[in-house]
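Novice: how does the following fold in three dimensions:
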Amino acid sequence: MKRVAFVFPGQGSQAVGMGQEMYNEYQEVKSLFQAADELLPQPITPLMFEGPAEELTKTENAQPALLLTSAAIYQVLQNEGVRPVVTAGHSLGEYSALVAAGVLSAEDAAVLVNKRGQLMEKAYPAGQGSMAAVLGLGAEEIQTVLQTVNDTHNEVVDAANINCPGQVVISGTKKGIELAEPLLKEAGAKRVLPLNVSGPFHSRLMKEAAEEFGSVLKEVEKTDASIPVYANVTANKVQDHKDIEQLLIEQLYSPVRFEETVVHMLQDDNLDAIVEIGNGKVLSGLVKKINRRTTTFNVQDPETLQAFLTWYKEEA
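Specialist: Next up is the predicted model:
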């Protein structure tokens, strides 16, 4: 049997129409979406299929929408006999990875990330926090610039997503990001692109939200992971549910170490392929930038599902 890792996308991969083709084709997808509609404060399926995009993009909606799409596709793959050897996710995607590893039920996880999204939205005054992608500069050089901004101007700007060589997302106060931009370009960054997000996610400004989220998280039933999950915070494998709980709290104000996660997977797990499960193919692209020789798939609709299954089931 082939050895595959499943990786799950985070916020930003949502789009109107997400999951609809799978919903139309597979009863297990339909059942999960309908169950979530009953549990969430408002039905998410109409928003996923019809929009509007502005409403779907809100953190409290995008997070359950992405999780449900990934979890439903995973359910179909499970029924086809596909078993990953490890999982990981990018930010919100870590919750989808935990569903795949049996730590959380998909229904509980959908409700949990809806609450997570609400807490992240209200954690910092609207319009005063920001994020930006820094292209063409190494993580160490970026960290040096951010330290200067933090020390000199008493602002908060942190590395938030270390995605791949030459692509790091920074997060913090809006003024801090503005002060950092010319210094990053002076240090060699090719571009600094503001992101369309509603808050300074994965920065120290999320610590208050993390404390409140911890109380919510403790109430959700969890079990140890049936297969190892790479934690965003450490880029290392974890299976104990108590360790996972603590790492999820820290994840809200810590950088997502996706590049290290993929490097560790390729070094330690003897993989035949890394497979992105969920809407879009952002992570597949990042994996190729980390190691262009890696075999990748993205599974987001019946066509991409069949392409992957054909490869997975053929003789090695």
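
Novice: when you work out contacts or count neighbours from here on, use the C-alpha atoms and nothing else.
Specialist: OK.

Novice: this protein: helices as residue ranges?
Specialist: Residue ranges of the helices in the chain, as given by DSSP state H, are 20-25, 27-39, 45-50, 53-57, 59-79, 93-100, 106-122, 139-153, 174-186, 207-218, 241-251, 258-268, 282-290, 302-313.

Novice: list the buried residues for the fifth one?
Specialist: Buried positions in helix 59-79, judged by neighbour count with 16 or more other Cα atoms under 10 Å: 59-77.

Novice: re the thing from before, may I see the helices of the chain arranged in JSON lines, with distance to Ile162 as well?
Specialist: Listed next are the helices of the chain as JSON lines, based on distance: least, Cα to Cα, whole Å:
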{"stretch": "helix 20-25", "distance to Ile162": "31"}
{"stretch": "helix 27-39", "distance to Ile162": "32"}
{"stretch": "helix 45-50", "distance to Ile162": "28"}
{"stretch": "helix 53-57", "distance to Ile162": "22"}
{"stretch": "helix 59-79", "distance to Ile162": "20"}
{"stretch": "helix 93-100", "distance to Ile162": "15"}
{"stretch": "helix 106-122", "distance to Ile162": "20"}
{"stretch": "helix 139-153", "distance to Ile162": "7"}
{"stretch": "helix 174-186", "distance to Ile162": "16"}
{"stretch": "helix 207-218", "distance to Ile162": "19"}
{"stretch": "helix 241-251", "distance to Ile162": "13"}
{"stretch": "helix 258-268", "distance to Ile162": "6"}
{"stretch": "helix 282-290", "distance to Ile162": "11"}
{"stretch": "helix 302-313", "distance to Ile162": "27"}
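
Novice: what stretches of the stretch 201-316 of the chain score poorly on pLDDT?
Specialist: The model of the stretch 201-316 of the chain has pLDDT under 70 over residues 316.

Novice: Val7 bridge partners, please.
Specialist: Beta-bridge partners of Val7, counted by DSSP bridges, are Ala88, Glu276.

Novice: how about Ile162?
Specialist: Here Ile162, judged by DSSP bridges, has bridge partners Val168.

Novice: ok, it touching Val262?
Specialist: No. Judged on Cα atoms under 8 Å, Ile162 makes no contact with Val262 at a distance of 11.3 Å.

Novice: got the contact list for stretch 74-92?
Specialist: For stretch 74-92, contacts defined as Cα atoms under 8 Å, 6 or more residues apart in numbering pick out 3-11, 26, 28-29, 63, 67, 94-98, 100-101, 113, 227-232, 251, 256, 258, 261, 269, 277, 312.

Novice: what about burial for these, which qualify?
Specialist: 3-11, 28-29, 63, 67, 94-98, 100-101, 113, 227-232, 251, 256, 258, 261, 277, 312.

Novice: for Ala132, find the nearest of the helices of the chain.
Specialist: helix 174-186 (7.4 Å; Cα to Cα).

Novice: so for the closest one, mean pLDDT?
Specialist: Mean pLDDT, helix 174-186: 96.

Novice: taking helix 139-153 as reference, get the angle to it.
Specialist: Here helix 174-186 runs at an angle of 130 degrees relative to helix 139-153 (axes from the mean of the first three to the mean of the last three Cα atoms, to 10 degrees).

Novice: follow-up on the earlier one: of the helices of the chain, which is nearest Gln167?
Specialist: Between Gln167 and the helices of the chain, the shortest gap by Cα to Cα is with helix 139-153, which sits at 8.3 Å.
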